[in-house]
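In: Sequence plus predicted model, see below.
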Amino acid sequence: MPETTPDSTGSTAAADWVLDPADADTCEKLARDLSAGGHEQVDSPAWVARARDAWEDLPPLLRRRVSQFRRHSGPHGTLVIGGLPVDRAALPATPTVPGSVQRRVTVPAAMLTMVACGLGEPLAYLAEKSGALVQDVVPVPGQETFHGNAGSVPLSFHTENGFHPHPPDYVVFLCLRADHDRIAGMRTAGIRQALPLLTPAARQALFAPEFITTPPPSFAPGAATSGPAAEPRPVLSGAAEDPDIHMAQLVTTPLTSRATAALNEFARACEATARTLRLTPGDLVIIDNRVTVHGRTAFHPRYDGADRWLQRTYVTTDLRRSRDHRPQDGHVLDR
């Protein structure tokens, strides 16, 4: 399978690898079986259990690639798989309402959930998108300048929900439709490439608890803003040679002058090592949220029913660690 190669602008058009037609057919059959009744609910624990079982029947090469990525997410912390089924002929108009989610099982929602179960367990937050496991990432009329998935202006680098005591380990996106002009790009930057560009002083500051990260605009007002989540924390943590990141450029505030300088240096390192992925329908992107930040370039929605449409789900490798946040041992964190 062809490896991803950036062009002169840093853009990447091709997936890391593409399913062959026979494997794509197998995926589509399993996804259709999971959505056959027409009334199955994505958020039902019983249906998620079915999707978990169906993961074992997906093509071996797909499962192997995902398993390898879970063990080590590589220099970019990102895996792009092309050729997945999204049932393009049956897609409705791209949603245009705020907070759009996918409650009913469809072929794309089934694919997302099966892959999520291969990585770990699906996860959602009650204060974000009403706790839906599969969420729409679409432009919304009147929210063009919103700094979140409803906007169409540039979206700055961030890890998902870094303010929370239990952020997701992975974020998984599936492209259902590209934007009209094919200019929207998902931008990613991994710490494994950015870290060598940081000075020792910046590294030391980024490992110090001199930053506060608050909930992003996509969360309900007041969500998880008290307690440990609001206390100063480092941007980098863990192994000095391969740290984790908890940062969102929009909502991470440095508390000292050295923290400000270090965060600016980190931003420059991310820009210097960033890749821009131009997604096409059937492209699935797995981002290791522990070591990779992501964002988006600007684009021009038309609100004609055929705008850019991604679906997203979060994944945790250890559901147990957030048990005190999940009533009835479900998949939704209520605080």
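Out: Alright, I've got the coordinates.
In: rest of the way, CA atoms for contacts and neighbours
Out: OK.
In: Now do the same contact list for Asp23.
Out: Contacts for Asp23 (C-alpha atoms under 8 Å, 6 or more residues apart in numbering) come out as Pro59.
In: you'd agree it is in a helix?
Out: Yes: checked against DSSP: H, G, I helix; E, B strand; the rest coil, Asp23 lies within a helix.
In: Next, work out how far apart it and Asp57 are.
Out: 11 Å (C-alpha to C-alpha, to the nearest Å).
In: Equivalent analysis for Leu176, please.
Out: Counting by C-alpha to C-alpha, the gap from Leu176 to Asp57 is 23 Å.
In: So those two - more neighbours on which side?
Out: With neighbours defined as other C-alpha atoms under 10 Å, Leu176 and Asp57 compare such that Leu176 has more, 25 against 13.
In: and the more buried one, which of the three is it?
Out: Applying three-state DSSP: Leu176 is strand.
In: likewise the one 4 residues further on?
Out: When the structure is reduced to helix, strand and coil (three-state DSSP), His180 reads as coil.
In: which residues does it contact?
Out: His180 sits in contact with His300, Pro301, Ala306, Asp307, Arg308, where contact means C-alpha under 8 Å, 6+ apart.
In: can you give me phi and psi for it?
Out: Taking degrees, to the nearest 10, you get phi -60, psi -40 for the backbone angles of His180.
In: among the contacts of His180, which two are most distant?
Out: Spatial extent of the contacts of His180 (C-alpha to C-alpha) is set by the pair His300 and Ala306 at 11.9 Å.
In: list residues touching both of the two?
Out: Asp179, His180.
In: Quick one: the helices in the protein, in order.
Out: 21-34, 45-55, 60-71, 107-119, 191-194, 200-206, 257-273 (DSSP state H).
In: most neighbours per residue, which of the ones you listed?
Out: Highest mean neighbour count of the helices of the chain: helix 107-119, a mean of 26 (counted as mean count of other C-alpha atoms under 10 Å).
In: burial of Glu241, as a residue count?
Out: Glu241 has 10 neighbours, counted by other C-alpha under 10 Å.
In: again but with Thr78, I slipped
Out: Each residue near Thr78 was counted by other C-alpha under 10 Å, and the total is 24.
In: Skipping adjacent residues, who's closest to it in space?
Out: Distances taken as C-alpha to C-alpha, 6 or more residues apart in numbering put Ile287 closest to Thr78, at 4.6 Å, once the chain neighbours are dropped.
In: circling back to that earlier point, export the contacts of His180 as TSV, with columns for distance to Val42, pLDDT and neighbour count.
Out: Putting the contacts of His180 into TSV (distance: C-alpha to C-alpha, whole Å; pLDDT from 0 to 100; neighbours: other C-alpha atoms under 10 Å) gives the following:
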residue	distance to Val42	pLDDT	neighbour count
His300	30	97	17
Pro301	28	97	21
Ala306	24	97	17
Asp307	23	98	23
Arg308	22	98	28
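In: how about TSV for those residues, with distance to Ile245 added?
Out: Shown next, in TSV, are the contacts of His180 (distance: C-alpha to C-alpha, whole Å):
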residue	distance to Ile245
His300	31
Pro301	31
Ala306	35
Asp307	32
Arg308	28
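In: In strands only, show me those.
Out: Using DSSP state E, no member of the contacts of His180 falls within strands.
In: wait, what's in contact with Met111?
Out: Residues counted as contacts of Met111 (C-alpha under 8 Å, 6+ apart) are Cys27, Ala31, Leu84, Pro85.
In: Which members of these are the farthest-apart pair?
Out: With C-alpha to C-alpha as the measure, no two of those lie farther apart than Ala31 and Leu84, at 10.4 Å.
In: is it true that His300 touches Ser152?
Out: Yes: between His300 and Ser152 there is a contact under C-alpha atoms under 8 Å: 6.7 Å.
In: so how far is Phe207 from Phe146?
Out: Between Phe146 and Phe207 the computed distance is 30 Å (C-alpha to C-alpha).
In: Settle it for me: which of these two has more neighbours?
Out: Ranked by neighbour count (other C-alpha under 10 Å), Phe146 and Phe207 place Phe207 first, with 21 against 17.
In: And the more buried one, how close does it get to Ile245?
Out: Distance from Phe207 to Ile245, by C-alpha to C-alpha: 10 Å.
In: Now the common contact residues for the two.
Out: Common contacts of Phe207 and Ile245, defined by C-alpha under 8 Å, 6+ apart, comprise Val235, Leu236, Ser237.
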